[in-house]
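Novice: my questions are about this predicted structure, shown below with the sequence.
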Amino acid sequence: MLRSPAAALLRRLAPRITGCSGEAGSSTRRTLPPYISSSSFLARFSSTPTSSPPPSSVGARDDEAEDDKLPGSSGDSGARLSISVDRAGLYSPPEHSHEPSSDSDLVKHLKSIINFRSGPISIAEYMEEVLTNPQSGYYMNRDVFGESGDFITSPEVSQMFGELIGVWAMCLWEQMGQPEKVNLIELGPGRGTLLADLLRGSAKFVNFTKALNINLVECSPTLQKVQYNTLKCEDESVGDEKRTVSKLCGAPVYWHASLEQVPSGFPTIIVAHEFFDALPIHQFQKGSRGWCEKMVDLAGDSSFRFVLSPQPTASLIFLSKRCQWASPEELEKVEQIEVCPKAMEISEQIADRISSDGGGALIIDYGKNGIVSDSLQVCILKLFRYT
């Protein structure tokens, strides 16, 4: 039952509807049907007759008192309008569990994704969350390279590695006709060691270093700060704008989250060292019903486990592309195949940029020359450890 002067006003106004009766200024008073209780309303849809309980005398007195307080009240309460809500069928959820859990935030996040979808996720999505999750990703909030990190790459072993790549970049620049401006792009620059050695080795070739616009494709804020220090960067004002400059060569430095964000229009020199092998992969396994995607699901004890997709996935399109590069004899020998759609996309972006702007790309990685079946055998424990 509605209470308050607003409810009483509603009851007062509901029966009175003003309209034309043929004469100007005349009005017609229309009376609503008598009051119907919620029980008698529900009885119309019930096979068992339901008797209407008598109205509460206290409620009636309150309603009449509210009517009396309204301006222009004549004492005639007229028809009454009643609204009631049946809450008997509302769902009452159980109490939440607040038991302590040893799971990290990233593990909880991954489990919530699987539970929300009521099914497994691809290995690629699992890897992407583990490696680049903004809050807890492996690369996002720590420096994992060098002697104090988890692994050492070639630039960390010897400065000659970066210097040799610098020689290649200068030769390419000369082959392009020594353009006045060129985009030097590194994908996944790590600590910035390779690029720093490249710039130191080419510092005496002033025309080359003056032409450089340095663009680093890096998604980790932590590694961006490390790269800033490694390249001896400083912020300076140019007119009303500010820019970051590397004191190793005086070239401006820019950071981007993806290759697509790097401005085009200048000849391009792209370097990617151990970049493609860190991209998320999809894994497929041959079964009795054909090729199925291997996915990550939760076991009964809430631990992660591998499962096969119950039905074909969209990633099978990339598997068909990958199989085009292999002979039928080679495919017969393998039971598992890995595919990296992200690598295919970035490779196409590199080709399109070089085709439109000119330049070249040097991609360095290490691995098997052939179909890769299960590269996660070595690093799967590391992936799960950092969740």
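Specialist: Yep, that arrived. Keep in mind the model is a prediction, meaning the values are calculated, not measured.
Novice: now do the domain split for this protein, please.
Specialist: According to automatic domain parsing, the chain comprises the domains 5-69, 105-144+279-349+363-385, 156-275.
Novice: deepest of those domains, which one?
Specialist: Neighbour counts averaged per stretch over the domains of the chain are highest for domain 156-275, at a mean of 17; criterion: mean count of other CB atoms under 10 Å. Heads up, the C-betas are built off the backbone N, CA and C, glycines and all.
Novice: from the chain's centroid, how far away is that one?
Specialist: On the basis of CA atoms, centre = their mean, to the nearest Å, domain 156-275 sits 28 Å off its chain's mean C-alpha point.
Novice: do stretch 303-315 as well
Specialist: The answer for stretch 303-315 is 20 Å, by CA atoms, centre = their mean.
Novice: tabulate the domains of the chain (TSV), appending distance to residue 356.
Specialist: Below are these laid out as TSV (distance: least, CB to CB, whole Å):
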stretch	distance to residue 356
domain 5-69	68
domain 105-144+279-349+363-385	11
domain 156-275	7
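Novice: so which of those is nearest residue 357?
Specialist: Comparing these against residue 357 with CB to CB, the closest turns out to be domain 156-275 (5.1 Å).
Novice: quick one: terminal-to-terminal distance for that closest one?
Specialist: Domain 156-275 has an end-to-end distance of 15 Å (CA to CA, to the nearest Å).
Novice: what does stretch 167-181 give?
Specialist: Note: stretch 167-181 ends 18 Å apart using CA to CA.
Novice: equivalent analysis for stretch 114-131, please.
Specialist: Counting by CA to CA, you get 17 Å between the two ends of stretch 114-131.
Novice: residue 276 touches residue 365, doesn't it?
Specialist: Yes. Taking contacts as CB atoms under 8 Å, residue 276 lies within contact range of residue 365: 5.5 Å.
Novice: any low-confidence regions in the stretch 251-387 of the chain?
Specialist: Across the stretch 251-387 of the chain, the ranges flagged by pLDDT under 70 are 370, 377-387.
Novice: okay, the closest residue to residue 140 other than its chain neighbours: pLDDT?
Specialist: Distances taken as CB to CB, 6 or more residues apart in numbering put residue 220 closest to residue 140, at 5.0 Å, once the chain neighbours are dropped. Predicted confidence (pLDDT) for residue 220: 91.
Novice: confirm residue 185 sits in a strand?
Specialist: Yes. Counting by DSSP: H, G, I helix; E, B strand; the rest coil, residue 185 falls inside a strand.
Novice: surely it and residue 217 touch.
Specialist: Yes. Using CB under 8 Å, residue 185 is in contact with residue 217, at 6.6 Å.
Novice: any residues in contact with both of the two?
Specialist: Common neighbours of residue 185 and residue 217, using CB atoms under 8 Å, 6 or more residues apart in numbering, are 259, 262.
Novice: what's the longest strand along the chain packed up against?
Specialist: Across the chain, the longest stretch assigned as strand under DSSP state E is strand 290-298. For strand 290-298, the packing partners by 3 or more CB pairs under 8 Å, 6 or more residues apart in numbering; DSSP states H and E come out as helix 105-117, strand 121-122, helix 123-132, strand 282-287, strand 304-308, helix 316-323.
Novice: how about the ones you listed in JSON lines, adding distance to residue 337?
Specialist: Shown next, in JSON lines, are the helices and strands packed on strand 290-298 (distance: least, CB to CB, whole Å):
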{"stretch": "helix 105-117", "distance to residue 337": "24"}
{"stretch": "strand 121-122", "distance to residue 337": "14"}
{"stretch": "helix 123-132", "distance to residue 337": "12"}
{"stretch": "strand 282-287", "distance to residue 337": "5"}
{"stretch": "strand 304-308", "distance to residue 337": "14"}
{"stretch": "helix 316-323", "distance to residue 337": "6"}
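Novice: nearest to residue 260, of those?
Specialist: In terms of CB to CB, the element of the helices and strands packed on strand 290-298 nearest to residue 260 is helix 123-132, at 16.3 Å.
Novice: between the two ends of stretch 224-243, how far is it?
Specialist: For stretch 224-243, the first and last residues are 15 Å from each other (CA to CA).
Novice: stretch 127-139 now?
Specialist: With CA to CA as the measure, stretch 127-139 spans 12 Å from end to end.
Novice: if the residue nearest to residue 186 when sequence neighbours are not counted is in a bridge, with which residues?
Specialist: Counting by CB to CB, 6+ apart, residue 186 lies nearest to residue 271, which is 4.8 Å off, once chain neighbours are set aside. Taking DSSP bridges as the rule, residue 271 bridges to residue 186, residue 362.
Novice: any idea how far residue 118 is from residue 271?
Specialist: 43 Å (CB to CB, to the nearest Å).
Novice: for residue 194, same thing?
Specialist: Counting by CB to CB, the gap from residue 194 to residue 118 is 44 Å.
Novice: over to residue 239?
Specialist: Residue 239 sits 56 Å away from residue 118, going by CB to CB.
Novice: again, but for residue 157
Specialist: Per CB to CB, residue 157 is found 47 Å from residue 118.
Novice: quick one, helices of this structure?
Specialist: Secondary structure of the chain (DSSP state H): helices located at 5-13, 38-43, 57-69, 105-117, 123-132, 154-157, 160-175, 193-201, 206-210, 221-230, 316-323, 328-333, 341-357, 376-385.
Novice: residue 176 and residue 182 touch, don't they?
Specialist: Yes. Counting by CB under 8 Å, residue 176 touches residue 182, with 7.4 Å between them.
Novice: sweet, I'm off.
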